[in-house]
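Novice: Got a predicted model here, sequence first, then my questions.
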Amino acid sequence: MNLFRQIHTAVVQALHAMQADGALPADLDLANVTVEPPRDPAHGDMATNAAMVLAKPAKMNPRQIADDLAARLLDQGGITAAEVAGPGFINLRLAPQIWQDVLRSALQTGADFGRSDLGQGQRVNVEYVSANPTGPLHVGHTRGAVFGDALASLLDFAGYDVTREYYINDGGAQVDVLARSVYLRYLEAHGQEVQFEDGTYPGDYLIEVGQTLKDKVGDAYLGQDEDQWLLPVREFATDAMMDLIRADLARLGVKMDVFYSEKSLYGTGRIEQAIEALREQGLIYRGVLEPPKGKTPEDWEPREQTLFKSTAHGDDVDRPIQKSDGSWTYFAPDIAYHYDKVSRGFDMLIDVFGADHGGYVKRMKAAVSALSGGKVPLDIKLAQLVKLYKNGEPFKMSKRAGTFVTLRDVVDEVGPDVTRFVMLTRKNDAPLDFDFDKVLEQSRENPVFYVQYAYARISSVLRRAAEAGVDVTDAALAGADLNLAAHDAELAVARKIAEWPRLVETAARANEPHRIAFYLYELAGEFHGLWNKGNDVTSLRFVQEDDLPATAAKIALARSVSVVISAGLAILGVTPLEEMR
């Protein structure tokens, strides 16, 4: 039950009636009419901007439209007041029965309460993590992994057909560096002393890989030239690193549908096919780029290259796809990879990049626009940096990794649930401070504890109610007399629950799963507030001694809260706790 959608429908129907009566022009576009929670709850339950957005195209005074619309809305069932405020906003108040219907819907629908048909089954590819397979995932990858996974779950909940995908960057020079680093560990496993030069990977995580390579091939590569062992060691090392990465993702609760290898694009004609698709549109040419900003003419060496005319699709400059020596730039396989996504029939593409890839946004959007004829939108989300603190100090790098804090370090410290929730307490493009001490605090200032504690409290009160003789199954609670839970403080909780279906759609439209975490914190706040009022006002306590009907009504309200918290945490990939340790 999406109450906001229902009221929006009522507003639109009233506007259509006004058009039929000649009170509004018949050709007005109603697409920008919204129904939202008012900024100040004291103003009402909902507010609509209809008169404000229609006044100009209708060439009418917004108050005139608002007065007429407000009068018509009073004829709609469940709307008890429609008050015109300011220049023409309309604040609506709803009958208590409406909120009771919301609670019953939550109890009857259960985990699917708030699930939306917004996506209409459109196929969406969400690509995230996509780290170079050269070592364990670090804390930056952790944020991208959590964000991408939660976004995929959100879109699934909102009615999209979602594919989770990891692009394995195994086609570039970095995998050659990995192979050389593993070879050094292989020599070390044979008792030789080795020196890790600049540009190699010195992390301890490769010790085991080198030993495993020795166990597999023995001394076959000892004393051999690089051209004899580089390719097989590169393949072996890449597989070992992907096994490590998959294990790290599993610790975080992330499971991909597709792992796509960049290497599969080379020597298969796929890059050439994608470039040819652009060439047929007249978007590939030979040319010389202007000097980059900040370069003086003396520093710039102009050379003719093969360029993609990305400026034709919104980019700032055209981009090289092939070097003067004939080799592909890094951009060329990325074009081919996204061409493959378009060819697989996705209706929308989402890429989650690290903040250091901001310069790639416009060129990738231009490529997808050109390759899809502008039919497949690409949304690129940047995951900003994470700063780690412990005991008031920056958290030091991992010895095992060599140069960075790993995903495994973070999860081992606080667990996957805390890691995931905290990573979503800021918008993806805002920096995030992750304090290991604060995220484990049991206080309102710790959002993950605050939400989990609300769920645990509800689980506890459900057990108490069951012991008192109340049938606490959702089916039984849906039939309770909810008029016995109609105090203003109780209705405030019901109003917050009613926002959930709308919030899901709002977050899905914006591709912003952090909104789920914010909402859950607010819902938990409403519940804890009601719980605390019960300490002073006996009639607000969830278990009413010797009054089973009242207890059932109040437990129905509490259980509705836990239904929504459970659904929201499932989107975030966090397990609700029935008891707090």
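Specialist: Perfect, thanks for sending it. None of the values given here were measured: they were computed from a predicted structure.
Novice: which residue ranges form the strands in the stretch 201-350 of the chain?
Specialist: With DSSP state E, counting those that start in this stretch as the criterion, the stretch 201-350 of the chain has strands at 258-261, 284-287, 305-308, 319-322, 348-354.
Novice: no, scratch that, I was asking about the stretch 351-500 of the chain
Specialist: Counting by DSSP E, counting those that start in this stretch, the stretch 351-500 of the chain forms strands over residues 378-383, 386-390, 393-394, 432-435, given from the N-terminal end onward.
Novice: Let me know which of these is the nearest to Ala179.
Specialist: Distances from Ala179 to each of these were compared using CB to CB; the minimum, 28.5 Å, belongs to strand 378-383. Quick note: C-beta positions are derived from backbone N, CA and C, even for glycine.
Novice: So what touches the closest one?
Specialist: Contacts to strand 378-383, defined as CB atoms under 8 Å, 6 or more residues apart in numbering, come from residues 140, 143-144, 147-148, 151, 338, 348-355, 357-358, 360-361, 364-365, 368-369, 428-429, 511.
Novice: show me where pLDDT drops low in the stretch 201-350 of the chain?
Specialist: Low-confidence regions of the stretch 201-350 of the chain, defined here as pLDDT under 70, cover residues 294-301.
Novice: Mind listing what's buried along stretch 265-284?
Specialist: Residues 265-266, 270-271, 274-275, 277-278, 283-284 are the ones in stretch 265-284 that count as buried (16 or more other CB atoms under 10 Å).
Novice: re earlier: same list (the strands of the stretch 351-500 of the chain) but as a markdown table, adding mean neighbour count, mean pLDDT and distance to Ala158.
Specialist: Supplementary listing: those in a markdown table, determined by neighbours: other CB atoms under 10 Å; pLDDT from 0 to 100; distance: least, CB to CB, whole Å:
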| stretch | mean neighbour count | mean pLDDT | distance to Ala158 |
| --- | --- | --- | --- |
| strand 378-383 | 20 | 97 | 14 |
| strand 386-390 | 16 | 92 | 27 |
| strand 393-394 | 9 | 89 | 38 |
| strand 432-435 | 18 | 94 | 25 |
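Novice: Make a markdown table out of the ones you listed and add distance to Lys533.
Specialist: Formatted as a markdown table, the entries for the strands of the stretch 351-500 of the chain read as follows, by distance: least, CB to CB, whole Å:
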| stretch | distance to Lys533 |
| --- | --- |
| strand 378-383 | 40 |
| strand 386-390 | 36 |
| strand 393-394 | 41 |
| strand 432-435 | 31 |
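Novice: Look up the residues forming beta bridges with the nearest residue to Gly121 once chain neighbours are set aside.
Specialist: Residue nearest to Gly121 in three dimensions, not counting chain neighbours: Asp161, with 5.3 Å by CB to CB, 6 or more residues apart in numbering. The partner list for Asp161 in beta bridges (DSSP bridges) reads Arg123.
Novice: Which pLDDT value belongs to Asp161?
Specialist: Per-residue confidence (pLDDT) for Asp161: 98.
Novice: Quick one: closest of the strands of the stretch 351-500 of the chain to Ala478.
Specialist: The stretch from the strands of the stretch 351-500 of the chain with the least distance to Ala478 (CB to CB) is strand 378-383; that distance is 38.5 Å.
Novice: CA-only coordinates of the closest one, as PDB, when you get a sec.
Specialist: Below are the C-alpha coordinates for strand 378-383, written out as PDB (Å, rounded to 0.1, in the frame of the first residue of the first chain):
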ATOM      1  CA  LEU A 378      24.500   5.300 -18.100                       C
ATOM      2  CA  ASP A 379      24.600   6.600 -14.500                       C
ATOM      3  CA  ILE A 380      28.100   6.700 -13.000                       C
ATOM      4  CA  LYS A 381      28.200   6.900  -9.200                       C
ATOM      5  CA  LEU A 382      31.500   7.900  -7.600                       C
ATOM      6  CA  ALA A 383      32.400   6.400  -4.200                       C
END
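Novice: From here on, call the first residue 5.
Specialist: All right, first residue 5 from here; so that's strand 382-387.
Novice: can you give me the angle that strand makes with strand 352-358?
Specialist: Computed by axes from the mean of the first three to the mean of the last three CA atoms, to 10 degrees, the angle separating strand 382-387 from strand 352-358 equals 20 degrees.
Novice: Now list the buried members of the contacts of strand 382-387.
Specialist: 144, 147-148, 151-152, 155, 342, 352-358, 364-365, 368-369, 372-373, 432, 515.
Novice: Give me the secondary structure label for the residue lying closest to Ser134 once chain neighbours are set aside.
Specialist: In space, not counting the residues next to it along the chain, Ser134 is nearest to Tyr171; the distance is 4.1 Å by CB to CB, 6+ apart. Remark: Tyr171 carries the secondary structure label strand [criterion: DSSP: H, G, I helix; E, B strand; the rest coil].
Novice: partners of Tyr171 in the sheet?
Specialist: Residues found in beta-bridge contact with Tyr171 (criterion: DSSP bridges) are Tyr264.
Novice: Please tell me I have it right and it contacts Tyr132.
Specialist: No. Applying CB atoms under 8 Å as the test, Tyr171 and Tyr132 come out as separate, 9.2 Å apart.
Novice: okay, those two: which has more neighbours?
Specialist: Tyr132 (27 against 21; other CB atoms under 10 Å).
Novice: quick one: that one from Glu284, how far?
Specialist: For Tyr132, the distance to Glu284 (CB to CB, to the nearest Å) stands at 31 Å.
Novice: for Gln196, same thing?
Specialist: Between Gln196 and Glu284 the distance is 54 Å, computed by CB to CB.
Novice: In which helix or strand does Pro505 reside?
Specialist: Using DSSP states H and E, Pro505 sits in helix 492-514.
Novice: try Ala85
Specialist: Using DSSP H and E, Ala85 sits within strand 83-89.
Novice: strands paired with the lowest-mean-pLDDT helix or strand in the chain, and their directions?
Specialist: For the chain, counting by mean pLDDT, DSSP states H and E, strand 397-398 ranks last in confidence among helices and strands (a mean of 89). Strand partners for strand 397-398, identified by DSSP bridges, are recorded as strand 390-394 (antiparallel).
Novice: now, the most widely separated pair of the buried residues of stretch 269-288?
Specialist: Maximum pairwise distance among the buried residues of stretch 269-288 (CB to CB): 22.1 Å, between Tyr270 and Leu287.
Novice: for the stretch 55-204 of the chain, what spans make up the helices?
Specialist: Taking DSSP state H, counting those that start in this stretch as the test, the helices found in the stretch 55-204 of the chain are 66-77, 100-113, 143-161, 178-193.
Novice: Buried residues in the second one, which are they?
Specialist: Buried positions in helix 100-113, judged by neighbour count with 16+ other CB under 10 Å: 100, 102-113.
Novice: got it, and the last one?
Specialist: With burial defined by 16+ other CB under 10 Å, the residues of helix 178-193 counted as buried are 179, 181-193.
Novice: For that helix, list the C-alpha coordinates in PDB.
Specialist: As requested, C-alpha coordinates have been extracted for helix 178-193 and formatted as PDB (Å, rounded to 0.1, in the frame of the first residue of the first chain):
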ATOM      1  CA  GLN A 178      49.300  -4.200 -14.000                       C
ATOM      2  CA  VAL A 179      48.700  -8.000 -14.300                       C
ATOM      3  CA  ASP A 180      52.300  -8.300 -15.700                       C
ATOM      4  CA  VAL A 181      53.500  -6.500 -12.600                       C
ATOM      5  CA  LEU A 182      51.500  -9.000 -10.500                       C
ATOM      6  CA  ALA A 183      53.000 -11.900 -12.300                       C
ATOM      7  CA  ARG A 184      56.600 -10.600 -11.700                       C
ATOM      8  CA  SER A 185      55.700 -10.100  -8.000                       C
ATOM      9  CA  VAL A 186      54.400 -13.600  -7.700                       C
ATOM     10  CA  TYR A 187      57.500 -14.900  -9.500                       C
ATOM     11  CA  LEU A 188      59.600 -13.200  -6.800                       C
ATOM     12  CA  ARG A 189      57.600 -15.000  -4.100                       C
ATOM     13  CA  TYR A 190      58.000 -18.200  -6.100                       C
ATOM     14  CA  LEU A 191      61.800 -17.800  -6.000                       C
ATOM     15  CA  GLU A 192      61.600 -17.000  -2.300                       C
ATOM     16  CA  ALA A 193      59.700 -20.200  -1.800                       C
END
